[in-house]
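Peer 1: Here is a sequence with its predicted model. Questions after.
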Amino acid sequence: MKKNIAIIMGGYSSEYKISLKSGNVVYDYLNKEKFNLYRIHIFKNKWVYVDDAGNETPIDRNDFSIPLNNTSITFDCVFNAIHGSPGEDGLMQAYFELLGIKHTSCDFYQAALTFNKRDLLSVLKPYGIKAAPSYYLNLGDEINETEIINKVKLPCFVKANKSGSSFGITKVYKAEELKGAIETAYKEDDEIIIEGFLDGTEVSVGVLKLNGKTTVFPITEIVSENDFFDYQAKYEGKSQEITPARINPEQLEKVTIASKRIYDVLKMTGFSRSEFIFIGNEPFLLEMNTTPGLTTESILPQQAKEAGIELGMLFEYAITEALA
């Protein structure tokens, strides 16, 4: 019997458009002879099933079902394609755990932890995972520019702590630019992380459990045409994404070990994509994404292709692991 699969997309953050694109790619590429697929849009003002004609049916949030044609459609598994809140910060994961519904992303604790950049880096530090020098601010904190610059040096990056797709991020070169960058970041989040600039090769590493084994995909090198890997570079073609990355064997070994260690230490499940910058041969972690982009242009699908994994099979592997 075919399994009922809900593909959730949208979300509450600035990333909702990218999420809708990812979710529709999952819908298009998954094998419809194996699965009954349902596109579910999750927004603050509505949770709805959207059929192929664009008709919307509200979701019953009591059990995450669809009242359709005098019956109730329930799901064997949820494919999570929401970037940002509530799909990447643990809220949907906790909801599905309470309902006992399988899903393709990690558990709620891991989602909440990895979505919070500064908490993630703090947890991983004792395990030998290196990161840039950083300074933290909460909305309302006093801004001591001298103290910040003494800690992280210039140039530095000012980032929204809980945001993706490079929303709310600014590269700061001069002290007088710092305040404006902080204001920009606060538009996305009430917590900020300010990090020292790491000048080196940037790579992105995708990981997924395949048949119960932590598997690292071919690694992608990021070469941005812009000053850093910002929104334009990620989604508007202003970067080169080179897979496999042009790194030496020692760098490859170290970043592979670090990526697997992070995944296993955190007891991750589902997809993850971690970003690193090499200083010499040492990888420094920037962040970890647990619902990475899944469009045909996105990094993880590029890596799967290099590994010889067709896009539909990549998505099917995630469902198989979740159901297992």
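Peer 2: Cool, got the structure.
Peer 1: so where do the strands sit in the stretch 151-300 of the chain?
Peer 2: 156-160, 170-172, 191-196, 202-210, 213-216, 220-224, 239-242, 272-279, 282-289 (DSSP state E, counting those that start in this stretch).
Peer 1: What sits closest to Leu139 if chain neighbours are left out?
Peer 2: Asp190 (3.9 Å; Cβ to Cβ, 6 or more residues apart in numbering). C-beta: built from backbone N, CA, C; applies to glycine.
Peer 1: so Lys46 touches Arg61, yeah?
Peer 2: No - contact criterion Cβ atoms under 8 Å: Lys46 and Arg61 do not qualify, at 10.7 Å.
Peer 1: Ramachandran angles for the residue nearest to Leu139?
Peer 2: Per-residue torsions, Asp190: phi -90, psi 10 (degrees, to the nearest 10).
Peer 1: Could you pull up the residues touching Val223?
Peer 2: Ser239, Gln240, Glu241, Ile242 (Cβ atoms under 8 Å, 6 or more residues apart in numbering).
Peer 1: Distance check, it against Ala181.
Peer 2: 24 Å (Cβ to Cβ, to the nearest Å).
Peer 1: For burial, what's the neighbour tally of the closest residue to Tyr127 other than its chain neighbours?
Peer 2: Once flanking residues are discounted, Tyr127 sits nearest to Val265: 5.5 Å by Cβ to Cβ, 6+ apart. When neighbours are counted by other Cβ atoms under 10 Å, Val265 registers 13.
Peer 1: so where's this structure uncertain?
Peer 2: Within the chain, the stretches with pLDDT under 70 are 164-166, 226-238.
Peer 1: Can you tell me the centre-most residue of it?
Peer 2: Asn289 (2.8 Å; Cα atoms, centre = their mean).
Peer 1: what bridges to that residue?
Peer 2: Arg273 (DSSP bridges).
Peer 1: Use 152 as the first number for this chain going forward.
Peer 2: In the new numbering, first residue 152, that becomes Asn440.
Peer 1: Assign Ala455 to helix, strand or coil.
Peer 2: Following DSSP: H, G, I helix; E, B strand; the rest coil, the label given to Ala455 is helix.
Peer 1: Might you report the residue contacts of it?
Peer 2: Gly357, Phe368, Glu461, Leu462, Leu465.
Peer 1: if you set the cut-off to 6 Å instead, what comes out?
Peer 2: The contact partners of Ala455, taken as Cβ atoms under 6 Å, 6 or more residues apart in numbering, are Leu465.
Peer 1: again with Asp240
Peer 2: So Asp240 contacts Ala263, Phe266 (Cβ under 6 Å, 6+ apart).
Peer 1: Swap in 7 Å and give it another go.
Peer 2: Neighbouring residues of Asp240 by Cβ atoms under 7 Å, 6 or more residues apart in numbering: Ala262, Ala263, Phe266, Lys313.
Peer 1: Pick out whichever of those residues sits closest to Ala232.
Peer 2: Ala262 (13.8 Å; Cβ to Cβ).
Peer 1: Please settle this for me: is that closest one part of a helix?
Peer 2: Yes - with three-state DSSP as the criterion, Ala262 is assigned to a helix.
Peer 1: I figured it hits Thr255, correct?
Peer 2: No - at 11.8 Å, Ala262 and Thr255 do not qualify as touching, with contact defined as Cβ atoms under 7 Å.
Peer 1: The residue in the chain sticking out farthest from the centre and Leu188, how far apart?
Peer 2: Distance from the C-alpha centroid of the chain peaks at Asn221, with 37.3 Å (Cα atoms, centre = their mean). According to Cβ to Cβ, Asn221 and Leu188 sit 21 Å apart.
Peer 1: Could you do Thr352 as well?
Peer 2: 39 Å.
Peer 1: next one: Asp203
Peer 2: Plainly put, Asp203 is 10 Å away from Leu188 if you go by Cβ to Cβ.
Peer 1: Looking at these two, which is more packed in?
Peer 2: Neighbour totals were compared for Asp203 and Leu188, and Leu188 leads with 18 against 7 (other Cβ under 10 Å).
Peer 1: ok, which stretches of this protein are helices?
Peer 2: 167-180, 242-250, 259-266, 268-275, 296-303, 329-337, 382-386, 400-416, 450-457, 462-474 (DSSP state H).
Peer 1: Of all these, which one is nearest Gly363?
Peer 2: Judging those by Cβ to Cβ, what sits closest to Gly363 is helix 462-474, at 7.9 Å.
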